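Student: here are the coordinates; sequence isn't available:
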């Protein structure tokens, strides 16, 4: 619904979602992965940013690929 011309979508520009999360895994990672798959299947690419994330598995699954381009991990030491 967000990526429509009524909301400012430009037909020749690729759409992206920026997903920022903290150090806890989501309560329903299957639901998160399903939503991410729907987005990546033509609607939008997904950049992920993990803050103080101990295990990046869920972010890796949500993020567009390649990970070195679409996933960033930030620890407290980086701040």
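Tutor: That came through, no problem. The shown structure was predicted, so the numbers you read here are calculated from the model rather than taken from an experiment. Numbers count the residues shown, from 1 in each chain.
Student: how about residue 14, what does it touch?
Tutor: 44, 45 (Cβ atoms under 8 Å, 6 or more residues apart in numbering). C-betas here are computed from N, CA, C, even on glycine.
Student: ok, then the element right after whichever helix in the chain runs longest?
Tutor: Ranked by residue count under DSSP state H, the longest helix found in the chain is helix 29-38. Per DSSP states H and E, the first helix or strand lying C-terminal to helix 29-38 is strand 45-51.
Student: helices or strands next to that following strand in the packing?
Tutor: strand 16-21, helix 57-62, helix 67-70, strand 71-74 (3 or more Cβ pairs under 8 Å, 6 or more residues apart in numbering; DSSP states H and E).
Student: which residues touch it?
Tutor: Contact with strand 45-51 is made by 14-23, 36, 39-40, 56, 59, 62-64, 70-74, as judged by Cβ under 8 Å, 6+ apart.
Student: give me the buried entries from the residues you listed.
Tutor: 17, 19, 21, 36, 39-40, 59, 62-64, 70-72 (16 or more other Cβ atoms under 10 Å).
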